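A.B. asks: Requesting a structural model of the entry that follows:
(2 chains)
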Amino acid sequence: MADTQEVDKLTGTATTGHEWDGIKELNTPLPRWWVWMFYATIVWSVGYWIVYPAWPLLTSATEGTFGWHTRSAVVADLAELKAIRGPIADKLAKASLQEIATDPQLLDFARAQGKTAFADNCAPCHGAGGIGGKGYPDLNDDDWLWGGKLEDIEKTIRHGARGGDDDGHQGRMPAFGRDGMLKPVEMSTVADYVRSLSGLPTEKGFDAAAGKKIFADNCATCHGDNARGNRDVGAPNLTDKLWFYGSDKKTIMEGLQNGRGGVMPAWGGRLDDTTIKALTVYVHGLGGGEK
Amino acid sequence: MIAPSAGTVELTRAPAEAPSLTQLVAAAEVKAAPPPPDDDIPLYAPRRKLYPQSVSGTFRRIKWAALIVGMAIYYLLPFARWDRGPFAPHQAVLIDFPNRRFYFFFIEIWPQEVYYVTGLLILAAMVLFLMNALAGRVWCGYLCPQTVWTDLFYAIERLIEGDRRERMQRDSKAWTLDTWLRKSVKHFLWLMIAWWTGGAWVLYFADAPTLVKELAFGTAPFIAYLWIGILTFTTYTLAGHMREQVCYYMCPWPRIQAALTDEYALNVTYRYDRGEPRCSVKKAETLRTRGEAAGDCVECMQCVNVCPGGVDIREGASLGCIQCGLCIDACDNVMAKLGRPKGLIAYDTDVNIKRRMEGKEPFFKLVRVRTVLYSAIIAFAGGLMIYTLATREGEGISVIHDRNPMFTRLSDGSVRNGYTIRIVNKQLKAREFALGFSGLPATLIDLVGVPPRADDQPWIDVGPDQTREIRVMVTDYGLPPPPKTQIVFRLTDIATGQQAITRDHFFAPEVK
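C.D. replies: Presented below is the predicted three-dimensional model:
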């Protein structure tokens, strides 16, 4: 720093003595009130360090005298939420599925809660609107693998399917091709036969009688003699217009070759009973719910 | 009238010889003003403290009347009751935020009817403009809350600290115990009024008697105390301390008013044709005996002393002049004492002053294009609002088509669409509705979440003054429907047959 301050001729302002490439910094001091505010914020921050968690230590951080913690803040927020929801939440917790279904106010509340829970937990597989995708059931339609009554839906949500829960749905489609149960020709014939059940075109030279025989010997156990499926084992109805994986012959052949057995997790341990109830009535109300 | 400036005249006059470009540029060049000698010029004019003097007269009485009526309405209206039956509050004027309703005597406004507020704003603006076209700043002088509360605060100041002369003397001397006491009492009373102002404000947002009780026992919601605090602060600051500064610096209306007014609007006017030249009574007598001109203004300064805006009306209208007419009262009182005719300051126009100076009769032109136009807009907007209010329906239906999925194919090949329907019942009684549907030949309608009633009728009951949301599933069993079909939902009140309809579409997959 120079002993005497240099004054910029053009503006008449003193410079700080700092210079970069011939450009000199003018000394334009901050307003006094601003400086005092700045000091005040420093003082404030010291108090903040003391009362709130602030300084990182090796394995933790200073805790602060207020004892504030993100976890306790969440707990407090949840308690507040519970208080806001009030008596109707208690009512929902105690009500049976049938009671919910017949109480419009409770049903509205449960469906609103179910909608949120659905978006948080179910939408990754079933889609935000519940329309599913290949191998993930559409929950809007009237075609149910494991049943569309309130109790059925609740069981599926709580225990899942093939998800490791012993009470969950267990049936699966065997890998007829891979395990050598059916020859490729037989698989092709039965695939055409299945397509013919819902009026889809079949390949030339398709032997309907042979197809029926193969179906009766191998498939009818699960899908039923009339191919209308069996909800006990999650075998889909093969005569309707909706196809779980797809109606083209290639997709059906894939299923015959390698089998099918999509997994739905058991939510019983992860979601509380009230949420499962809310999800149940929400899914039931998407449009396909059975009485 | 705007006289063209000398420079404009210079430029528009055709020169004898065409000037060179250099000359033109030199003539057009704007000479920069020399920099101020010192940087420390003040950016704000220091405030001149005003000590308006008390005055009596016609306009003072009008102001008192406006003050009493306006404040009585403001402070007492929340306590007015209006019987609306068991399903609505009984406060005549209530802004019910939690339930999203606005009640005004027999009118109940729902949030979606907020356009009535737009209508009110249009009416308010037009009435303001009409007042301005007829008699200048009537709003500023008599009705504006800033004026009314400032007036009240001045009245209290006079009551405690004395009139203009006393207050000026007291403020010019060192503070004595008496000064301290009087100032304390004044500020205390101001704060009490300000607090009551805030207190009355919150009563418009909740049941007034209940809230008063809660406030008295300290159990009212925090938001009530907060708003009382905010309004106490603003009232105390604006009416006690800022006063005319609000009109000078904060309020946009004086600027807009100045741009809107015309030469025929009546304004508080100093009739300089009669007042000038100013001279004392004695001098006027001398001058008049000599046959020379002598004005009626005796320079008593009463008009300036009583002015709450610190304006000298003799200099003409200004932003600070709220046209409250107190200077008229002050001048009339002086003129009466001098035995001269009243009305040296009066509601008049500059046009009339000029006409009188030319020896013509003054004339007043209240029916003008603008006054007719403003009145017409007021009549039209007001009429439209009354008409829509009188004929608005007590029920409504709106529909939202599901976004995801747009349609669902069912196992038998039929197509289903989902809708969320909201039914509005604006009447203060429970009603039953039937939902009709048309637009597709073969459909099934399923109401989700409407449990079967005991009598097995698919009717939807909606509580008094409530809305109800219902999910409706429409399934088409006909031939594959076209990708997009217009459909209609029809809501019918079972008891009265009143109907409301809404339209939407039924979507189906494209047939390949």
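
A.B. asks: Show me where chain B dips below the pLDDT cut-off.
C.D. replies: B:1-18, B:28-46, B:449, B:451-454, B:456, B:512 (pLDDT under 70).

A.B. asks: which bits of it sit near chain A?
C.D. replies: B:402-405, B:408-413, B:416, B:418, B:446, B:448-451, B:469, B:471, B:473 (C-beta under 8 Å from any C-beta of the partner chain). (Glycine included, C-beta is placed from N, CA and C.)

A.B. asks: which among the residues you listed end up buried?
C.D. replies: B:402, B:405, B:408-411, B:416, B:418, B:448-450, B:471, B:473 (16 or more other C-beta atoms under 10 Å in any protein chain shown).

A.B. asks: element containing the residue nearest in space to the middle of chain B, please.
C.D. replies: Nearest to the geometric centre of chain B sits residue B:124, at 6.0 Å (C-alpha atoms, centre = their mean). Residue B:124 belongs to helix B:115-135 when assigned by DSSP states H and E.

A.B. asks: Tell me where the stretch 101-250 of chain B has strands.
C.D. replies: Using DSSP state E, counting those that start in this stretch, the strands of the stretch 101-250 of chain B run over residues B:101-104, B:107-109.

A.B. asks: now the helices: where do they sit in the stretch 301-450 of chain B?
C.D. replies: For the stretch 301-450 of chain B, applying DSSP state H, counting those that start in this stretch gives helices covering B:302-305, B:326-338, B:350-357, B:369-391.

A.B. asks: just checking, what packs against the longest one?
C.D. replies: Using 3 or more C-beta pairs under 8 Å, 6 or more residues apart in numbering or on different chains; DSSP states H and E, the elements in contact with helix B:369-391 are helix B:115-135.

A.B. asks: Which single residue of the stretch 1-150 of chain A approaches chain B most closely?
C.D. replies: Residue of the stretch 1-150 of chain A nearest chain B, by C-beta to the nearest C-beta: residue A:129 (2.9 Å).

A.B. asks: related to what we said a few turns ago, got the strands of the stretch 101-250 of chain B as JSON lines, with mean neighbour count columns?
C.D. replies: Output for these, formatted as JSON lines (neighbours: other C-beta atoms under 10 Å in any protein chain shown):
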{"stretch": "strand B:101-104", "mean neighbour count": "17"}
{"stretch": "strand B:107-109", "mean neighbour count": "16"}
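
A.B. asks: Can you name the residue of chain B nearest to chain A?
C.D. replies: For chain B, C-beta to the nearest C-beta, closest residue to chain A: residue B:404, 2.9 Å.

A.B. asks: List the contacts of residue B:261.
C.D. replies: B:132-133, B:136, B:267 (C-beta atoms under 8 Å, 6 or more residues apart in numbering or on different chains).

A.B. asks: Include mean neighbour count and distance to residue A:220 when you put the helices of the stretch 301-450 of chain B into JSON lines, please.
C.D. replies: Converted to JSON lines, the helices of the stretch 301-450 of chain B look like this (neighbours: other C-beta atoms under 10 Å in any protein chain shown; distance: least, C-beta to C-beta, whole Å):
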{"stretch": "helix B:302-305", "mean neighbour count": "20", "distance to residue A:220": "110"}
{"stretch": "helix B:326-338", "mean neighbour count": "21", "distance to residue A:220": "104"}
{"stretch": "helix B:350-357", "mean neighbour count": "16", "distance to residue A:220": "106"}
{"stretch": "helix B:369-391", "mean neighbour count": "13", "distance to residue A:220": "68"}
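
A.B. asks: can you pull the contacts of the residue of the stretch 151-291 of chain A found nearest chain B?
C.D. replies: Here the stretch 151-291 of chain A gets closest to chain B at one residue, residue A:240, 3.6 Å apart by C-beta to the nearest C-beta. Applying C-beta under 8 Å, 6+ apart, we find residue A:240 in contact with A:143, A:198, B:411-412.

A.B. asks: those helices in the stretch 1-150 of chain A, which residues are they?
C.D. replies: For the stretch 1-150 of chain A, the helices defined by DSSP H, counting those that start in this stretch cover A:32-51, A:70-85, A:87-94, A:97-102, A:104-121, A:123-126, A:150-159.

A.B. asks: Which other helices and strands does the fourth one contact?
C.D. replies: In this case it means helix A:97-102. helix A:104-121, helix A:150-159, helix A:273-284.

A.B. asks: For residue B:497, which of those helices is the nearest?
C.D. replies: With respect to residue B:497, and counting by C-beta to C-beta, the nearest of the helices and strands packed on helix A:97-102 is helix A:104-121 at 24.6 Å.

A.B. asks: ok, and what's touching that closest one?
C.D. replies: A:88-89, A:91-92, A:95, A:99-101, A:126, A:128, A:130, A:267, A:270-271, A:274-275, A:277-283, A:285, B:449-451, B:469.

A.B. asks: For it, output the C-alpha coordinates as CSV.
C.D. replies: The C-alpha trace of helix A:104-121 is given here as CSV (Å, rounded to 0.1, in the frame of the first residue of the first chain):
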residue,chain,number,x,y,z
PRO,A,104,-68.5,-42.1,1.2
GLN,A,105,-66.5,-39.7,3.4
LEU,A,106,-64.1,-42.4,4.6
LEU,A,107,-63.8,-43.8,1.1
ASP,A,108,-62.8,-40.3,-0.3
PHE,A,109,-60.2,-40.0,2.4
ALA,A,110,-58.9,-43.5,1.9
ARG,A,111,-58.7,-43.1,-1.9
ALA,A,112,-56.8,-39.8,-1.5
GLN,A,113,-54.3,-41.4,0.8
GLY,A,114,-54.2,-44.5,-1.5
LYS,A,115,-53.4,-42.3,-4.5
THR,A,116,-50.3,-40.8,-2.8
ALA,A,117,-49.2,-44.2,-1.5
PHE,A,118,-49.7,-45.7,-5.0
ALA,A,119,-47.5,-43.0,-6.6
ASP,A,120,-44.8,-43.6,-4.0
ASN,A,121,-44.8,-47.4,-4.0
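
A.B. asks: That one to helix A:87-94, inter-axis angle?
C.D. replies: 80 degrees (axes from the mean of the first three to the mean of the last three C-alpha atoms, to 10 degrees).

A.B. asks: In helix A:104-121, which residues are buried?
C.D. replies: A:106-111, A:113-115, A:117-118, A:121.

A.B. asks: could you check the angle helix A:150-159 makes with it?
C.D. replies: 30 degrees.

A.B. asks: Show the average pLDDT along helix A:104-121.
C.D. replies: What helix A:104-121 shows for mean pLDDT is 93.

A.B. asks: Leaving out the residues flanking it, which one is nearest to residue B:281?
C.D. replies: Nearest residue to residue B:281, sequence neighbours excluded (C-beta to C-beta, 6 or more residues apart in numbering or on different chains): residue B:298, at 5.9 Å.

A.B. asks: what about the one you found, how many neighbours?
C.D. replies: 21 (other C-beta atoms under 10 Å in any protein chain shown).

A.B. asks: do you know how far residue B:412 is from residue A:141?
C.D. replies: 10 Å (C-beta to C-beta, to the nearest Å).

A.B. asks: got it, and residue B:275?
C.D. replies: 92 Å.

A.B. asks: Between the two, tell me which one has more neighbours.
C.D. replies: residue A:141 (23 against 18).

A.B. asks: which residues does that one contact?
C.D. replies: A:242, A:287-288, B:408-411, B:416.

A.B. asks: at 6 Å what do you get?
C.D. replies: Applying C-beta atoms under 6 Å, 6 or more residues apart in numbering or on different chains, we find residue A:141 in contact with A:288, B:408, B:410.

A.B. asks: What distance do you get for it to residue A:122?
C.D. replies: Counting by C-beta to C-beta, the gap from residue A:141 to residue A:122 is 16 Å.

A.B. asks: Next: residue B:24.
C.D. replies: The value you get for residue B:24 to residue A:122, if C-beta to C-beta is used, is 79 Å.

A.B. asks: now residue A:171, nearest residue through space, not along the chain?
C.D. replies: Among residues not flanking residue A:171 along the chain, residue A:233 sits closest, at 2.9 Å (C-beta to C-beta, 6+ apart).

A.B. asks: Could you verify that that neighbour is part of a helix?
C.D. replies: No. Under DSSP: H, G, I helix; E, B strand; the rest coil, residue A:233 falls outside any helix and is assigned coil.
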